[in-house]
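Student: Compute the structure for the input listed below.
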Amino acid sequence: MRNSSRDSFGRVLVLGLALVSLIALGGWFVFERFGSTEPPRVAVADTPAGSRAVPAQVPAVRATVAEVVGLVEWTHGAQWKALSVGDELAPDDSVRTSPGARVDLWVGDEASRLSISERSEVQVGEVTSSVHSIRLARGRVDVDYRGKEGRVLRVQSENGTVAETREARFTMLRHGAVVAVAMRGGSVNLSSAGVTVQVGAGQQSVVFDGAKPLAPEPIPLEVLLKVAAKASANEALCVSLTGKVRVGTEVFVEGEPTEVAQDGSFRKDVPRLEGLSQVKVVAREPSGEISEMMLACRPRVSIRPPRTETVKFRWKEAP
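Tutor: As a prediction, the model looks like this:
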């Protein structure tokens, strides 16, 4: 009888332990499935050590007006309006300067500066973190460009000539069909007609109307300006000028640009104006060096009336 009671007690004990085990196992499952407060993990693609996602490049305004002298205008669309310090230029905006005017721009950051001289027109081109480009329609720009993170500057003219640099100080001008580059520091790759030459510090190179660039040569120490003046039979002219300068040199007669041939020769008839007694001739080389000459107007030729002879007649006198 006792053995039967013991067997019954043992079975009850085993069943009780099994039930407790099942309850504990169920509680663990419910906690793991629903009770965890840790946020779900999101699978992330493996990337090389030290790398990070780079957002797509979006062009931004990167040319800011630093200084304005005289009348300078800009256009953001169809209308020209006055440009002021602090204005920001976006791609396709253009800037033009009047006689005697100048504008300085910060390009990219305050380490790089672009100065646009009088009688010039420049258009902002591509602007990204790796490339800054401008288009020189006419005139002259002085560039002080300092490279940053592999960035390059491209200055191109409408005839297809391109000057590219990562860090340099130079002048680029377009005068008629001539494009010239003169270097003060660093180097520039000057390209035209499929040919590229490297222009180094203290050198200059010239391109005629989209042809191949001339071989770089040292910047001359003195400005070449030879002018001859001759009187004209035309009384409406003050003087007729003929002259000679180096290739790529700009010539101004009484402040107005004068066409210079590819061999450096020029000719100009100056009209006679009230109060004009002297004519000013200025030669400005690609480097910016200037030479001036003053030439006197020829005096008017005085035309004297023909001399009249006096004839006396004596009447009523016998022969």
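Student: Tell me which residues touch the residue most central in space within the chain, please.
Tutor: Computing the C-alpha centroid of the chain and ranking residues by CA atoms, centre = their mean puts Ile134 first, at 4.3 Å. By CB atoms under 8 Å, 6 or more residues apart in numbering, the residues touching Ile134 are 114, 122-125, 141, 153-156. Glycine gets a C-beta too; all of them are placed from N, C-alpha and C.
Student: Return the members of those classed as buried.
Tutor: With burial judged by 16 or more other CB atoms under 10 Å, the buried subset of the contacts of Ile134 is 114, 122-124, 141, 153-156.
Student: What is the neighbour count of Asn189?
Tutor: 17 (other CB atoms under 10 Å).
Student: so it, which of the three states?
Tutor: What DSSP: H, G, I helix; E, B strand; the rest coil gives for Asn189 is strand.
Student: Please identify the helix or strand for the closest residue to it other than its chain neighbours.
Tutor: Once flanking residues are discounted, Asn189 sits nearest to Glu164: 4.9 Å by CB to CB, 6 or more residues apart in numbering. With secondary structure defined by DSSP states H and E, Glu164 is part of strand 162-165.
Student: Touching that strand from outside, list them.
Tutor: With CB under 8 Å, 6+ apart, strand 162-165 has contacts from 143, 145, 147, 152-156, 170, 172, 181, 186-192.
Student: which among the residues you listed end up buried?
Tutor: Among the contacts of strand 162-165, those classed as buried by 16+ other CB under 10 Å are 143, 145, 147, 153-156, 170, 172, 181, 186-192.
Student: Settle this for me: Pro248 is touching Gly176, isn't it.
Tutor: Slight slip there: residue 248 is Gly, not Pro. No - using CB atoms under 8 Å, Gly248 is not in contact with Gly176, being 10.5 Å away.
Student: Looking at these two, which is more packed in?
Tutor: Gly248 (24 against 15).
Student: what's the closest non-adjacent residue to the more buried one?
Tutor: In space, Gly248 is closest to Ala180, 3.8 Å off (CB to CB, 6+ apart).
Student: my read is that neighbour is in a strand, agree?
Tutor: Yes - remark: Ala180 belongs to a strand, assigned using three-state DSSP.
Student: thought it was touching Gln204?
Tutor: Yes - the pair Ala180 and Gln204 passes the contact test of CB under 8 Å, sitting 6.4 Å apart.
Student: Restrict the strand holding Glu164 to CA atoms and write it as CSV.
Tutor: What follows is strand 162-165, C-alpha atoms only, in CSV (Å, rounded to 0.1, in the frame of the first residue of the first chain):
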residue,chain,number,x,y,z
VAL,A,162,42.0,78.0,-73.0
ALA,A,163,44.4,78.8,-70.2
GLU,A,164,44.3,76.2,-67.4
THR,A,165,46.1,76.3,-64.0
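Student: ok, it: who's next to it in the sheet?
Tutor: If you go by DSSP bridges, strand 162-165 pairs up with strand 152-157 (antiparallel), strand 178-192 (antiparallel).
Student: Export those as TSV, with columns for mean pLDDT and distance to Glu235.
Tutor: As requested, the strands paired with strand 162-165 are exported to TSV (pLDDT from 0 to 100; distance: least, CB to CB, whole Å):
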stretch	mean pLDDT	distance to Glu235
strand 152-157	93	42
strand 178-192	96	35
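Student: pLDDT weak spots in this structure?
Tutor: 1-62, 109-110, 232, 300-319 (pLDDT under 70).
Student: Counting neighbours, what do you get for Glu292?
Tutor: 12.
Student: Can you get me the centre-to-centre distance for whatever helix or strand it lives in and its chain?
Tutor: Using DSSP H and E, the element containing Glu292 is strand 290-296. How far strand 290-296 lies from its chain's middle: 30 Å, per CA atoms, centre = their mean, to the nearest Å.
Student: okay, that strand in CSV with CA atoms only?
Tutor: The C-alpha trace of strand 290-296 is given here as CSV (Å, rounded to 0.1, in the frame of the first residue of the first chain):
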residue,chain,number,x,y,z
ILE,A,290,52.9,100.8,-70.1
SER,A,291,54.8,103.3,-72.3
GLU,A,292,53.4,106.7,-73.3
MET,A,293,54.2,109.3,-75.9
MET,A,294,52.9,112.8,-76.5
LEU,A,295,52.8,114.1,-80.1
ALA,A,296,52.0,117.7,-81.1
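Student: returning to that earlier point: distance to Ala215 added to the buried ones among the contacts of Ile134, as JSON lines?
Tutor: Shown next, in JSON lines, are the buried ones among the contacts of Ile134 (distance: CB to CB, whole Å):
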{"residue": "Leu114", "distance to Ala215": "27"}
{"residue": "Val122", "distance to Ala215": "27"}
{"residue": "Gln123", "distance to Ala215": "30"}
{"residue": "Val124", "distance to Ala215": "32"}
{"residue": "Val141", "distance to Ala215": "23"}
{"residue": "Leu153", "distance to Ala215": "23"}
{"residue": "Arg154", "distance to Ala215": "22"}
{"residue": "Val155", "distance to Ala215": "20"}
{"residue": "Gln156", "distance to Ala215": "21"}
